[in-house]
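> Predicted model and sequence follow; I will ask about them next.
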Amino acid sequence: MLTEKAIRANDQWVKITRDSNAHKFTFARGYAEVLQAHEEQSFSFEFMPTWAYAVEHAQRRMAVY
């Protein structure tokens with residue numbers, strides 16, 4: 001089952017996808033008016049166990065750039 005959330009800040013966006021079948025979170029990051037992702041990362045539930053961790057990770061990534 002796939003669940004998604006999107007976060008926007010600092011003229012950037014991050015789409016977080018949680019795949020409960022594959023046991024991983026995937027992060028796609030892009031910039032304001034561009035719909036294509038610039039960067040993509042995946043983490044297993046072992047390293048990113050909950051939505052709270054995933055959202056915090058996404059917010060930190062947007063603050064860096």
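Structure's in. What do you need? Residues are numbered from 1 along each chain as shown.
> all helices of this protein, in order?
51-64 (DSSP state H).
> If you count contacts, what does the lowest-mean-pLDDT helix or strand in it end up packed against?
Within the chain, no helix or strand scores below helix 51-64, which has a mean of 90 by mean pLDDT, DSSP states H and E. Contact analysis of helix 51-64 by 3 or more Cβ pairs under 8 Å, 6 or more residues apart in numbering; DSSP states H and E lists strand 2-9, strand 12-19, strand 24-31 as its packing neighbours. The C-beta positions use only the backbone N, C-alpha and C, and glycine is treated the same way.
> want to throw those into JSON lines with mean neighbour count?
As requested, those are exported to JSON lines (neighbours: other Cβ atoms under 10 Å):
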{"stretch": "strand 2-9", "mean neighbour count": "12"}
{"stretch": "strand 12-19", "mean neighbour count": "19"}
{"stretch": "strand 24-31", "mean neighbour count": "18"}
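> Okay, buried residues for the least confident helix or strand of the chain please.
A54, H57, A58, R61, M62 (16 or more other Cβ atoms under 10 Å).
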